[in-house]
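# Take a look and give me a structure for this.
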Amino acid sequence: MKITVQELSKSFGARDIFGKISLEVASGERLCVCGPNGTGKSTFLRLLSGVEEPDSGRIILPKDCRLGYVEQEFSQNALEMPLMDYVLDVVHDWNDFWHRWEKAANGKGNESELRCLMEEQSRLEAQYGYNPEQRAKETLSGLGFSEVKWKMPLGQLSGGWRERAKLARVLTAGADVLLLDEPTNHLDVEAVEWLENFLLDFKGALVFVAHDRVFMDRVGNHVLYLGLSKPVARKANYSQFLSLQEEYEAQRQLKARALQDELERKMAFVERFRAKATKARQAGSRQKMAKKLEKELEDYRPEPKRKELNFIWPKAPHCEKIALAAADLAFHFPDGKQMWPPLSFTVYSGNRIALVGHNGSGKSTLLKILAGRLDRCGGNIATASQLRMGYYAQHQMETLNGSSTVMAEIRRLSDPHTTEEELMSVLGLFLLGQNYFDRSVETLSGGEKARLVLASLFLARCNFLLLDEPTNHVDLERREALARALQRFEGTVFLVAHDRWLLSQIHAEAWELGSSGLTVHQSFQAYDTARKSRLAGISQRDLLRAGEIDERKRAEVSGLSREEQKKLKRQQAEGRNALHRLLKPLTAKYGKLEKQFEELIQRQAAAEKDLADPDIYADAAKSSELLAIFEDCRKKSETVMEEMAELEAEIAAQKQSLENV
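Prediction:
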């Protein structure tokens, strides 16, 4: 089973998207289509699926080839269907087959009919699987759907979950050729890893577009790169392709330099001897050779350098040592549902923190509370006096004024003192150059709107960034640029993202948010290792609980004898006791400081509330007294926060030192 593409070309109006793509994708090959935005990656998939027609060239698919492609829109009927029914709607219904089988087996059919039914059964099992309902359940679970959602109508799911439902439907249906356009959007890390494993086991031909570097490298084994002078296809994953392309370009440059040197020598001969009668013939010959060299040199012109989104953050104001501190921060929904217990944490100036955890753990909710977009239900948050916070979330694109032009909108969202030159340079920096200035915002793509919102954040000169999924629906180049920008940013970063490559590049601590609160990991890699080990541990405990291995086998699994296991348990118990003795006075002191901090914050808030009363503020003596109380509480709370931070560091160091023993 293979796809054959011959001389495929496509243009929109006078603009050529790509031309003369020729390649084959056979079963077992996984082709990653990549390149900058606007180079026709999604268009290429639509051509393969038959949704669009090429201007020239052709696509050859084998007869009876099953093509798996995610539909763009839901019908009204689909939105009313329960999720499980929608997913199973595309698979073969076995009821009719078993009715015919039973009828033939009960003597109402001849041997020839039974043989035909057996052949049909083999074909259907190979095509759809024996138990499609079980496959649908495994696919939905793998993509993160809880059983509660299986019976929900699609119309009640959010946009992100609907996109997952489309993917689940295609994967459950099965295909000989699978076409996936950015399948990792809206997926958390666990779901992406499940999808990677599913596709690595897929036996057919896969063609996909993605912007997740880790996914591209792990899944793809062939690359089609669009956006150069001509399409380039190579047998490699994406990172290997970049290395190969660098070597290829270096060789081209050497060849071009050699041709240029030869051309200059020949032209020098022509210039020197063209006027001499004895050398005129040779000069003419050299000139013809020079023209051939010029033509050959045309094929070695360097590829045009693509524009890069290259951030340089403006100098942000200085911020105190402790940027933000939260004490007993609590939140619950109107129905009383609580996602995490009260949280207490400190964010130091310059910290880079990635908030991680499974979908639904409340990461975006916590960011909204810190940004002041959602009211907390209890506890306190204190921020540094010089803190300037910038908040980015996908839904902020909805706040853009669609009827406004790009230039007018960036002017509205920016500081009033920003000059026209600054506005234009920042828009250019975010790849929204002069040809965008007079375009209406409503005509922009999702990625362009996201860049516009980020550009306005850029102009705010923030020293504390709260970023909620800043890489959703953005191309690879912008993800790479954002990683470079955050590496150079001197302020504090607190972000939620599922892009594993980005999280590994910005060297952030990983704060895991779950039902038990916050767990701090030194890096995303450390969190990822702990998460995978935890999943493996749960699997083993389930086996033990089911009685599938006894005590003797458990010792074999661990690699320790029974005596060695007893000794290890004693050592672990002694370690826990030693840690408890060391930490008891420190945690007690921390508790007292925490209580003192909360009292100071409450007194400060009360003074601030009284000062807001016009009658009290008009009383000079009373307002002066309240201002003094307010200032005293503010200074004392900052001192207490610093003491709490030092204690936190000491407690963490004690835990770490004991773990290393």
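
# Mind jotting down where the helices sit in the stretch 551-661 of the chain?
For the stretch 551-661 of the chain, applying DSSP state H, counting those that start in this stretch gives helices covering 551-558, 562-611, 614-618, 620-660.

# Out of those helices, name the one with the poorest average pLDDT.
Across these, helix 551-558 has the smallest mean pLDDT, namely a mean of 42.

# Please name every helix or strand in contact with the helix or strand containing Ile59.
Ile59 is part of strand 56-60, with elements assigned from DSSP states H and E. Using 3 or more C-beta pairs under 8 Å, 6 or more residues apart in numbering; DSSP states H and E as the contact definition, the elements that strand 56-60 packs against are strand 2-12, strand 15-26. (C-beta placed from N, C-alpha, C; glycine too.)

# how about a markdown table for those strands, with mean pLDDT and distance to Leu157 added?
Shown next, in a markdown table, are these (pLDDT from 0 to 100; distance: least, C-beta to C-beta, whole Å):
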| stretch | mean pLDDT | distance to Leu157 |
| --- | --- | --- |
| strand 2-12 | 90 | 32 |
| strand 15-26 | 88 | 33 |
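
# any chance of the ones you listed in CSV, with distance to Leu400 and mean neighbour count too?
Listed next are the helices and strands packed on strand 56-60 as CSV, based on distance: least, C-beta to C-beta, whole Å; neighbours: other C-beta atoms under 10 Å:
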stretch, distance to Leu400, mean neighbour count
strand 2-12, 25, 17
strand 15-26, 26, 16
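
# and those as TSV, adding distance to Asp335?
Formatted as TSV, the helices and strands packed on strand 56-60 follow (distance: least, C-beta to C-beta, whole Å):
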stretch	distance to Asp335
strand 2-12	50
strand 15-26	50
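
# Counting neighbours, what do you get for Phe44?
28 (other C-beta atoms under 10 Å).

# can you tell me which helix or strand the closest residue to Gly155 other than its chain neighbours belongs to?
Sequence neighbours aside, Leu79 is the residue nearest to Gly155 in space, at 3.9 Å (criterion: C-beta to C-beta, 6 or more residues apart in numbering). Here Leu79 sits within helix 76-80, counting by DSSP H and E.

# For the residue nearest to Gly155, which residues are in contact?
Counting by C-beta atoms under 8 Å, 6 or more residues apart in numbering, Leu79 makes contact with Pro153, Leu154, Gly155.

# Relative to Glu650, which of those is nearest.
Nearest to Glu650 out of the contacts of Leu79 is Leu154 (C-beta to C-beta; 52.4 Å).

# thinking again about what came up before, within the sheet, what are the partner strands of the following helix or strand past the strand holding Ile59, with directions?
Scanning forward in sequence from strand 56-60 by DSSP H and E, the next helix or strand is strand 67-69. Strand 67-69 has the following strand partners under DSSP bridges: strand 177-181 (parallel).

# mind exporting the partner strand as PDB, just the C-alpha atoms?
Extracted in PDB, the C-alpha atoms of strand 177-181 (Å, rounded to 0.1, in the frame of the first residue of the first chain):
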ATOM      1  CA  VAL A 177      -3.300   5.900   4.700                       C
ATOM      2  CA  LEU A 178      -3.600   8.300   7.700                       C
ATOM      3  CA  LEU A 179      -3.500  12.100   7.200                       C
ATOM      4  CA  LEU A 180      -3.200  14.100  10.400                       C
ATOM      5  CA  ASP A 181      -3.000  17.900  10.600                       C
END
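
# Quick check: Leu324 touching Ala382?
Yes - at 7.2 Å, Leu324 counts as touching Ala382 under the criterion of C-beta atoms under 8 Å.

# Could you report the distance from Ala393 to Trp511?
18 Å (C-beta to C-beta, to the nearest Å).

# oh sorry, the question was meant for Arg411
Where Trp511 is concerned, Arg411 sits at a distance of 37 Å (C-beta to C-beta).

# just Glu598 next, same as before
Between Glu598 and Trp511 the distance is 22 Å, computed by C-beta to C-beta.

# Looking at those two, which one has more neighbours?
Using other C-beta under 10 Å, the more surrounded residue of Glu598 and Trp511 is Trp511, with 22 against 17.

# Now do the SS call for that one.
strand (DSSP: H, G, I helix; E, B strand; the rest coil).

# Isn't it up against Thr519?
Yes - at 7.4 Å, Trp511 and Thr519 qualify as touching, with contact defined as C-beta under 8 Å.

# Find the residues that touch each one of the two.
Common neighbours of Trp511 and Thr519 (C-beta under 8 Å, 6+ apart) do not exist.

# From His498, how far off is Val189?
Distance, Val189 to His498, using C-beta to C-beta: 6 Å.

# got it, and Tyr238?
18 Å.

# One more: Leu427?
28 Å.

# likewise Asp212?
Relative to His498, Asp212 is positioned 8 Å away (C-beta to C-beta).

# now do Val232
Val232 is 29 Å from His498, by C-beta to C-beta.

# And the two? Which one has more around it.
For Val232 versus His498, neighbours defined as other C-beta under 10 Å are more numerous around His498 (22 against 17).
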